[in-house]
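Novice: pasted the sequence and its predicted model underneath.
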Amino acid sequence: MSPKTLYDKIWDAHVADESDDGTCLLYIDRHLVHEVTSPQAFEGLRMTGRTVRAPDKTIAVPDHNVPTTLDRANAETMTEDSRIQVDALDKNAKDFGIHYYPVSDVRQGIVHIVGPEQGWTLPGMTVVCGDSHTATHGAFGALAHGIGTSEVEHVLATQTLIQKKSKNMKVEITGKLNPGVTAKDITMSVIGKTGTAGGTGYVIEYCGDAITDLSMEGRMTVCNMAIEGGARAGIIAPDATTYAYCKGRPHAPKGAQWDKAQAWWETLFSDDDAHWDLVVTMKAEDIAPSVTWGTSPEDVLPIDGVVPAPESFTGGKVDAVKRALDYMGLTAGQKLTDIEIDTVFIGSCTNGRIEDLRAAAAILKGKKVKDGMRAMVVPGSGLVRAQAEEEGLADIFKDAGFEWRMAGCSMCLAMNPDQLAEGERCASTSNRNFEGRQGYKGRTHLVSPAMAAAAAITGKLTDVRDMM
Amino acid sequence: MEKFSTLSGIAAPMPLVNIDTDMIIPKMFLKTIKRSGLGGNLFDEMRFDRQGNEIADFVLNKPAYREASVLVAGDNFGCGSSREHAPWAIADFGIRCVISTSFADIFYSNCFKNGILPIVLPQDQRDALMKDAEKGANARIEIDLVAQTVTSSDGDVYTFEVDSFKKHCLMNGLDDIGLTMEKVASIDTYEVQLSAERPWV
């Protein structure tokens, strides 16, 4: 048998049909659904008289639109168009008999946090969702990626996707991370090196000691931003850390089924002599706490850097950087640590899990948010929120002057009332610093949770290592 | 889905790299439960000021490009969110073809589901077509999906690659789900095998 990568193995296990030209029907094990990219797909099913083929493999939760204020049970907190989308998901979940976590359920949260938390996401699975950050689930050794609404309809109707295989890319992070450096810094540094189109056409497998040393939550942060590097998916081989996370989750297998599952999962790794189309290697020791300065996730630098000059780039990037500096209100040569921040946002599918909140709280404990700043924490799910309250993290945030919110996507994409005002500058633990992403003319600097906490205290982008 | 075979039209130049789907259709327009009517908000924050007035120097507001049916774009077009609202808005505006050196994966797939042909060309050829597009309304670009060629207004012909299955579906306006339904027996067989081998799924 020829040697295979992890991606090859999962792919091969899911091909339900293959045409002569290599076009495959890939079977989908888990289909996650949220309110923004699904209404047209369900409408399509109704118009054609089709049903959901595998409702037991389909899981829905509203997250993008939902307000995160404490009074959100009051319908008035939602705009009418948002309410229509959430109501549509309520109705579609009921009509088609799929698993559903409504806004009122404590398990509600960001779909990519709820899936793993409830044990829906398991190693070796194919996981799709009408959302690019589906890449998150790759942390489990699952082949997970975003799809468009037409494909959502296709998966609902057939439980398959029409796919051609991507190429294999290995991103190896050797060595050990230094203190103050996190999974977020790894994933941003990789994009800084490869660019936002560097992964186009590939599935990335992240490996190396610095990756296997990460917790499941850290691995989810790494894979979450594979899409920002242009990859179809990011994936990490399952190991003891993975099994320990999954075991006992509500929808994980139990007893003999667990043993059978784990026996298969243990075969899911890239063979020693597997073929890689592209290999990128970085040393963990070379990675510093990182921050974005521009309007693309590839515009990333270590926190002790300076804003680059457009002339230091080539091709179309020169004009893009001029535009980005103008948009961001920055000057070439300016020290990143001199950039003053108005707002701090901690949350999102990238960094809205319990370990993220712990990391931020460790920096904030006994400190205060700088006067005049706005700071909010939006836990990734109701269960993360409950756990943070139990551990006393919520009190640390509140005492420091953070708003303590309900679960949802919140200011990561600002489809809800949580938005930046024009010119407002935010240190954000989310994943995209695009123009207007967090609000019209809002300015986003992507950072880790610990770096976001540090910025909240000083009012500037800050090297968290100076506060440890 | 609307069929696509040939197209002759005005190409609008958008040389900016990394044009993301948040730029193509900002999030406030994702609150629709329909697929139609998004063309008026295509590139909304680049095209209109906060009062809804057109920004004169944005390419699609210039008289020469208001009827554009092709975009010639900077590298990595369509990156970011998976929102199919992006191709819905592009198609609704009347653009049926986007030419770049590279496209984000999900956006690229989404185009084919909506009668839009995304064409990948090497940088020098894309740059030549960008210059061509900059000439304005008199410079019409011709696309032939059957022959897989782009012809510039000066008659330069560039060939492009496209997946044969995607080409077939686009040329015939085929519904993917209908095609897959014809293979339902394979899916049935797979599911039987799955429940034996990986019953926890």
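Specialist: Looks like it came in fine. All values derive from a computational prediction rather than experimental measurement.

Novice: would residue A:56 count as being in a strand?
Specialist: No. Under DSSP: H, G, I helix; E, B strand; the rest coil, residue A:56 sits outside any strand and is assigned helix.

Novice: can you give me the distance of it to chain B?
Specialist: 10 Å (CB to the nearest CB, to the nearest Å). For every residue, glycine as well, the C-beta is placed using N, CA and C.

Novice: cool, residue A:72 as well?
Specialist: Distance from residue A:72 to chain B, by CB to the nearest CB: 17 Å.

Novice: can you check what pLDDT the model gives that residue?
Specialist: At residue A:72, the model reports a pLDDT of 89.

Novice: average model confidence for stretch A:4-21?
Specialist: 97.

Novice: report the separation between the two terminal residues of it.
Specialist: 21 Å (CA to CA, to the nearest Å).

Novice: what comes up buried for it?
Specialist: The neighbour-count check on stretch A:4-21 (16 or more other CB atoms under 10 Å in any protein chain shown) flags A:4-11, A:13-17 as buried.

Novice: do any residues in stretch B:29-48 lie close to chain A?
Specialist: Yes. Looking at stretch B:29-48 against chain A by CB under 8 Å from any CB of the partner chain, the contacts come from B:30-35, B:45.

Novice: out of these, which is most surrounded?
Specialist: Greatest neighbour count in the residues of stretch B:29-48 next to chain A, by other CB atoms under 10 Å in any protein chain shown, goes to residue B:30: 24 neighbours.

Novice: rewinding a little: now the residues of stretch B:29-48 next to chain A in TSV, with pLDDT?
Specialist: Shown next, in TSV, are these (pLDDT from 0 to 100):
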residue	pLDDT
B:30	95
B:31	93
B:32	92
B:33	92
B:34	92
B:35	93
B:45	96
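
Novice: the buried residues of stretch A:4-21: which ones sit near chain B?
Specialist: Near chain B, by the rule CB under 8 Å from any CB, you find A:16-17 out of the buried residues of stretch A:4-21.

Novice: what about the helices in chain B?
Specialist: According to DSSP state H, chain B carries its helices in the segments B:21-24, B:44-47, B:85-93, B:105-112, B:123-133, B:164-172, B:176-181, B:184-197.

Novice: for the longest strand seen in chain B, the distance to its chain's centre please.
Specialist: The single longest strand within chain B, with elements called by DSSP state E, is strand B:6-14. With CA atoms, centre = their mean, to the nearest Å as the basis, strand B:6-14 stands 12 Å off its chain's centre.

Novice: what's around residue 116, how many residues?
Specialist: Answering for chain A, as no chain was given. Neighbours of residue A:116 using other CB under 10 Å come to 24.

Novice: my bad, chain B
Specialist: Count around residue B:116 with other CB under 10 Å applied: 24.

Novice: count of neighbours near the residue lying closest to residue A:367 once chain neighbours are set aside?
Specialist: Nearest residue to residue A:367, sequence neighbours excluded (CB to CB, 6 or more residues apart in numbering or on different chains): residue A:457, at 5.0 Å. Using other CB under 10 Å, residue A:457 has 21 other residues around it.

Novice: contacts only, for residue A:457.
Specialist: A:363-364, A:367-370, A:400, A:467 (CB atoms under 8 Å, 6 or more residues apart in numbering or on different chains).

Novice: got a pLDDT number for it?
Specialist: pLDDT, residue A:457: 98.

Novice: look up how far residue A:344 lies from it.
Specialist: From residue A:457 across to residue A:344, the span is 9 Å (CB to CB, to the nearest Å).

Novice: ditto for residue A:453
Specialist: Distance from residue A:453 to residue A:344, by CB to CB: 8 Å.

Novice: low-confidence ranges, the stretch 301-450 of chain A, go.
Specialist: Across the stretch 301-450 of chain A, nothing is flagged by pLDDT under 70.

Novice: list the contacts of whichever helix or strand residue A:25 is part of.
Specialist: In this structure, residue A:25 sits in strand A:24-27 according to DSSP states H and E. Applying CB under 8 Å, 6+ apart, the contact partners of strand A:24-27 are A:11, A:14-18, A:126, A:158-165, B:180, B:183, B:186-187, B:190-191, B:194.

Novice: quick one, which of the residues you listed are buried?
Specialist: A:11, A:14-17, A:126, A:158-163, A:165, B:180, B:183, B:186-187, B:190-191, B:194.

Novice: narrow the residues you listed to those in strands?
Specialist: A:15-17, A:126, A:160-163.

Novice: the residues you listed: which two are farthest apart?
Specialist: A:17 and A:126 (14.4 Å; CB to CB).

Novice: so how far is stretch A:84-92 off the chain centroid?
Specialist: So, by CA atoms, centre = their mean, the centroid of stretch A:84-92 is 24 Å from its chain's centroid.

Novice: wondering if it reaches chain B at all.
Specialist: Yes. Stretch A:84-92 is in contact with chain B by CB under 8 Å from any CB, via A:84-85, A:88.

Novice: export that stretch to CSV, keeping only CA atoms.
Specialist: Once non-C-alpha atoms are left out, stretch A:84-92 reads as follows in CSV (Å, rounded to 0.1, in the frame of the first residue of the first chain):
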residue,chain,number,x,y,z
ILE,A,84,-36.4,36.8,10.7
GLN,A,85,-33.2,34.8,10.2
VAL,A,86,-33.2,33.3,13.7
ASP,A,87,-37.0,32.5,13.4
ALA,A,88,-36.3,30.9,10.1
LEU,A,89,-33.7,28.7,11.6
ASP,A,90,-36.0,27.8,14.5
LYS,A,91,-38.7,26.8,12.0
ASN,A,92,-36.3,24.9,9.7
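
Novice: now do the same contact list for the closest residue to residue B:190 other than its chain neighbours.
Specialist: Leaving aside its sequence neighbours, residue B:190 sits nearest to residue A:16 (CB to CB, 6+ apart; 3.8 Å). Taking CB under 8 Å, 6+ apart, we find residue A:16 in contact with A:24-27, A:160, B:183, B:186-187, B:189-190.

Novice: ok, those vs residue A:420, which is closest?
Specialist: residue A:26 (38.4 Å).

Novice: before we move on, the earlier item: neighbour-wise, give me the winner out of the contacts of residue A:457.
Specialist: In the contacts of residue A:457, the most neighbours by other CB under 10 Å go to residue A:364, 27 neighbours.

Novice: next up, phi/psi of that one, please.
Specialist: As for residue A:364, its main-chain torsions (degrees, to the nearest 10) stand at phi -80, psi -20.

Novice: for chain B, see how far away residue A:420 is.
Specialist: 12 Å.

Novice: neighbours of the nearest residue to that residue once chain neighbours are set aside, just the number please.
Specialist: Excluding its sequence neighbours, the residue lying closest to residue A:420 (CB to CB, 6+ apart) is residue A:442, at 2.8 Å. For residue A:442, the tally of surrounding residues (other CB under 10 Å) stands at 24.

Novice: got the contact list for residue A:442?
Specialist: A:414, A:419-426, A:436.

Novice: what does residue B:191 give?
Specialist: Residue B:191 sits in contact with A:27, A:159, where contact means CB under 8 Å, 6+ apart.
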